[in-house]
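[1] next input, structure requested:
(one chain, ligands or ions: 1)
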Amino acid sequence: MLSYRHAFHAGNYADVIKHATLVALIDYLALKDKPFVYYETHAGAGNYDLASAEATKTGEYQQGFASLARASGLPDCLQRYVSLIDTCQQSNPGHYPGSPRIASLLARQQDQLRLCELHSADSQKLASLFSRDKRVQCFAHDGYEKIISLLPPACRRGLVMIDPSYEVKTEYLLLVRQLEKMVRRFATGIYAIWYPVVDERRTEDMLDAIANTGIKNIQRFELGLTRDHQQPGMTATGMLIINPPWTLKDTLGESLRWLSTQVYTGGYWRADQWVDE
Ligand code: SAM
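    The predicted model follows:
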């Protein structure tokens with residue numbers, strides 16, 4: 001039974017970090033003409049109405065994307081993300097795009113997208129969003145199992161986004177097991193794993209378990225709203241990137257530093273090599 005709905009959280013500060021990272025990763029892949037495949041294990045509905053009962057109930061968008069859109073002097077990496085969302089919102093006012101839509105806007109004719117979403121209503125929305133886009137295939141399947149079966153891509157270039165809701169506590173260690181299988185099949189791919197800090201111990205255990213798999217070259221990026229992880233709710237959000245582009249640590253690190261000093265003050269940021277190359 002899936003109770004998590006991303007409509008409550010679309011465009012919140014975790015989406016800001018996740019989607020700015022996504023833009024930087026796809027821009028990097030698109031530097032070469034060679035095709036790539038974008039895989040997503042937990043795709044969501046793909047597009048979110050900010051006037052919906054879900055979005056207005058939490059108001060998380062206001063603390064997230066809206067607070068960034070009001071700011072000035074953004075670092076290039078964040079400005080690029082904000083401009084992309086602005087363009088999207090000009091053609092689709094009052095909505096915030098999910099990661100599959102952001103990826104589809106950056107992917108080229110030669111690229112492909114393979115998206116999984118298990119929730120029946122959200123998977124139908126996702127499929128209808130991309131019904132006319134021949135580059136995209138959507139699957140209403142378990143994202144881990146399906147994406148493992150699709151790896152490696154024939155073109156040998158790809159990005160796998162893993163963005164679970166961590167609804168059940170077992171998700172943290174399930175992710176580690178499934179990630180190992182993916183990397184075994186496609187060791188040279190880029191992997192982007194989103195994680196929340198709700199229960200600090202559980203998150204650290206998952207990150208340690210990933211470090212202990214033997215997978216190399218992992219960077220860790222994190223933005224905390226507070227240093228006190230005993231406070232209720234999601235106190236920090238992070239991305240783990242396997243095989244990152246060589247520029248990512250500096251560009252995304254600069255963005256996190258800026259967010260931490262200009263928008264989300266009172267917390268912390270980090271951008272470091274979590275596992276060596
Ligand atoms: N990646 C999306 C974005 O950034 O726009 C948000 C995804 S949301 C955090 C997580 C999604 O995973 C939910 O829509 C949930 O229904 C879905 N989900 C949960 N378990 C799943 C599974 N085993 N396979 C595929 N999707 C799943």
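
[2] state the pLDDT value of the closest residue to the ligand within the chain.
    Closest to the ligand within the chain is residue 98: 2.8 Å, counting by CB to the nearest ligand atom. All C-beta spots, glycine's among them, are computed from the backbone N, C-alpha and C. Among the per-residue scores, residue 98 holds a pLDDT of 98.

[3] cool, and residue 1?
    69.

[4] which residue sits farthest out from the middle of the chain?
    Summary for the chain: using CA atoms, centre = their mean, the residue whose C-alpha lies farthest from the chain's mean C-alpha position is residue 230, with a distance of 24.7 Å.

[5] name the residues of this structure found near the ligand, please.
    2, 4, 6, 15, 18, 41-44, 98-99, 116-119, 122, 142-143, 163-165 (CB under 6 Å from any ligand atom).

[6] and the strand or helix carrying residue 38, what does it pack onto?
    Counting by DSSP states H and E, the secondary-structure element that holds residue 38 is strand 37-40. The helices and strands touching strand 37-40, judged by 3 or more CB pairs under 8 Å, 6 or more residues apart in numbering; DSSP states H and E, are helix 99-106, strand 112-116, helix 143-150, strand 158-162.

[7] give me the contact list for the third one.
    Taking CB atoms under 8 Å, 6 or more residues apart in numbering as the criterion, the residues outside helix 143-150 that touch it are 39-43, 114, 116-118, 139, 160, 162, 164, 174-175, 178, 181-182, 185.

[8] what subset of those is buried?
    Using 16 or more other CB atoms under 10 Å as the burial test, the contacts of helix 143-150 include 39-43, 114, 116-118, 139, 160, 162, 164, 175, 178, 182 as buried.

[9] residues contacting the residue lying closest to residue 198 once chain neighbours are set aside?
    Distances taken as CB to CB, 6 or more residues apart in numbering put residue 234 closest to residue 198, at 5.3 Å, once the chain neighbours are dropped. By CB under 8 Å, 6+ apart, the contact set of residue 234 is 14, 196-198.
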